[in-house]
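Q: need the 3D shape of this:
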Amino acid sequence: MLTPAEAVRKQLFRVLLLLLFFSANSGSAQHPEQAAASAPAKTAGLPATYDVVSIKPHARNESDTYHGWRYTPSGIVGSDVSVRSLIMSAYNLIMLDQVSGLPSWVDTDTFDLEAKLDPANAEALEKLSSEERNAQVSLMLRALLADRFKLQISKSKKDLPVYNLVVAKGGPRLKNATSSDSSGYNINVGAFCTLKSESIGVSGLADALSGSAGRLIVDRTDLKGKYEVALQWAFNDEVANAGPSLFTALQEQLGLKLEPAKAPVDVVVIDHIERPSEN
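A: So this is what the prediction gives:
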């Protein structure tokens, strides 16, 4: 059995992987706080809940190879899912410290989850833009947590560690985009990670990389243009020949630098939460 401290460290790694996964599938450069603000506005013609939800305690097995959850054409499915990861995804949070008031069982108990939409609702969701789809999924996750975990929250602000994105010594190494319109971005996540965009602002780049950095990244560069970006870095630079860290890659490839700082950040305070009943 994991100790609470070991469980928290394990969940930190899983949440980071989850955030990277969602970044890779979002295709947009929307800031987490902007997404949180837009999520409550229900998209017309779509339900704010999944049509069928199954949640069961996960039976740990040494042969487990998959931990976490993913999108399917009809909803989401997951094994060994942490409630913390669901809350962080539902409220578009980046850092563990953005959630407070969680009971210890949240980091030790995990669940097998399946949430489905009926075919018509799944088709309607797929037709949305990436930003609209992400906002709708946030709504449905919030409804799932309120219904099955009896989650009640309040919101606050807290000074937390962030990274300021600044221009490195020697100046930026950014290629001007051929179009002034943002085209979003694509992230491929693996042992070697890449981010590519044909037209993205530096603030959008900061938002896109926040999940990879494990902290919110705040744009302090004062660069206002749109740029063509192809950034490559190692998911774990401690592995031999894995490639540069995100910090090194930003400096060497884009002439930008991450500096530790503190800033007021949105946090979610858990007022009430319960273990779900089996079904």
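Q: quick one: the helices in the chain?
A: 4-26, 32-38, 83-90, 119-126, 130-148, 202-213, 246-249 (DSSP state H).
Q: mean pLDDT for those: which is lowest?
A: Ranked on mean pLDDT, the bottom entry among those is helix 32-38, at a mean of 39.
Q: okay, and the helix or strand of this protein with the least pLDDT?
A: helix 32-38 (a mean of 39; mean pLDDT, DSSP states H and E).
Q: excluding its backbone neighbours, what's nearest V106?
A: V83 (4.8 Å; C-beta to C-beta, 6 or more residues apart in numbering). All C-beta spots, glycine's among them, are computed from the backbone N, C-alpha and C.
Q: who's in contact with the one you found?
A: Neighbouring residues of V83 by C-beta atoms under 8 Å, 6 or more residues apart in numbering: 102, 106, 109, 111, 145, 149, 273.
Q: tell me how many other residues crowd the third one.
A: Which is D109. Using other C-beta atoms under 10 Å, the number of residues around D109 comes to 15.
Q: so who does it touch?
A: D109 makes contacts with 57, 83, 275, as judged by C-beta under 8 Å, 6+ apart.
Q: T49 is in contact with L145, isn't it?
A: No: T49 is not in contact with L145 according to C-beta atoms under 8 Å; the separation is 11.1 Å.
Q: quick one, which of these two is more surrounded?
A: L145 (21 against 17).
Q: let me know the pLDDT of the residue lying closest to the more buried one once chain neighbours are set aside.
A: With sequence-adjacent residues excluded and distances taken as C-beta to C-beta, 6+ apart, L145 is closest to L151, at 4.1 Å. For L151, the pLDDT comes out at 97.
Q: where in the stretch 151-279 of the chain is pLDDT low?
A: Applying pLDDT under 70 to the stretch 151-279 of the chain picks out residues 279.
Q: what is the nearest of the contacts of D109 to L250?
A: The shortest gap between L250 and any of the contacts of D109 belongs to V83, at 33.0 Å (C-beta to C-beta).
Q: domains of the protein?
A: 4-157, 159-264 (automatic domain parsing).
Q: pull the number of nearby residues for the nearest residue to K257 once chain neighbours are set aside.
A: With sequence-adjacent residues excluded and distances taken as C-beta to C-beta, 6+ apart, K257 is closest to A168, at 4.1 Å. Using other C-beta under 10 Å as the criterion, A168 is surrounded by 18 other residues.
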